[in-house]
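[1] please work out how this folds:
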Amino acid sequence: MSSKLISLTRQSPTIWRVTLNNPPVNIFGPKSIPQLNEIITELESDKELKVVIFESAIEGFFMTHYDFLSPAEETNNIPPGPTGLLPLPDMLVRLSRAPVVSIAKIRGRATGVGSELSLACDMRFASREKTIMGHFEVGAGIVPGGGPMARLPRLMGRGRALEVLLSANDFPGDIAEQYGYVNRAFPDNELDNFVDSLAERIASFDKQAISETKRFVDIASLPSDIEAGAEMVVCYASIGRPEAQRRIKLLLDRGLHQAGDVETRLGYHVGQLGNH
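    Numbering: from 1, shown residues only. The predicted structure is shown next:
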């Protein structure tokens, strides 16, 4: 497997593509962090870039959860980022505030960290047939860590945000659209053309007008860095609790981290853990 889990393609000076490629199920972990950080650092400072599109190379998976098999020290040894936050929330906060337009093109499961990355993007467009959104973490005894409690209520309201987070279930593309989880869901064969056309349209406009307009929308809509970042500390603590460790082990024994039914229907499977 290539060591390049997240790759950057400069489609043009004004449009870049970030491809998530960690087979078999696009798990995010400590080896992904420096690669994503390098890309976010570049897009923050590039003078010509206007639009960046995040997409997946893995069939059925945009991005899933964090890597539960990696030694904890691999994550703990990565220093905080420029915001002072832990690495994942640091990168997501910086992505949201970057002076470029970020678009998540979602095809497959965008759950856990995949949902958090999508929520940090400025816009989200999904395949109606192939997208699954959600946060399974509470069902595994874990508090989500990458900012969804700070971001989801602003998008869909308190009740729906609590439904997504506390049901720990899967939400297909049409429901994600209805709830405001994504901007729009398209028939799968229309998704690429729409996103490409939108990116090219925005990229044809003046960069200063784009970035200044986005900055005022950010003021009105984004959570504070502290609000978005505090969740990660609680998330790490929750993973170490006995009940979370018991539930994670059950999931691993059943096939978590492997291609198969557990990863494909993780919302269903966490809902069965209370029966054991």
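
[2] Asn169 reaches Gly134, doesn't it?
    Yes: with contacts counted by Cβ atoms under 8 Å, Asn169 reaches Gly134, the gap being 6.0 Å. Where C-beta positions appear, they are placed from N, C-alpha and C, glycine not excepted.

[3] what do these two both touch?
    Contact criterion Cβ atoms under 8 Å, 6 or more residues apart in numbering; residues shared by Asn169 and Gly134: Gly267.

[4] between the two, tell me which one has more neighbours.
    Gly134 (27 against 18; other Cβ atoms under 10 Å).

[5] tell me the spacing between the more buried one and Asp67.
    Distance, Gly134 to Asp67, by Cβ to Cβ, to the nearest Å: 18 Å.

[6] likewise His257?
    From His257 to Asp67 the distance is 8 Å (Cβ to Cβ).

[7] overlap of the contact sets of the two?
    Ile27.

[8] which phi and psi does Ala185 have?
    phi -110, psi 130 (degrees, to the nearest 10).

[9] hey, where'd the helices end up in the stretch 151-276 of the chain?
    For the stretch 151-276 of the chain, the helices defined by DSSP state H, counting those that start in this stretch cover 158-167, 173-179, 188-203, 207-221, 225-239, 242-254, 261-264, 266-270.

[10] least confident of these, on average?
    In terms of mean pLDDT, the lowest-scoring of the helices of the stretch 151-276 of the chain is helix 225-239 (a mean of 92).

[11] could you give the angle of that one to helix 242-254?
    70 degrees (axes from the mean of the first three to the mean of the last three Cα atoms, to 10 degrees).

[12] tell me what helix 225-239 is packed against?
    Judged by 3 or more Cβ pairs under 8 Å, 6 or more residues apart in numbering; DSSP states H and E, helix 225-239 is in contact with helix 87-97, helix 148-156, helix 242-254.

[13] good, we can wrap up now.
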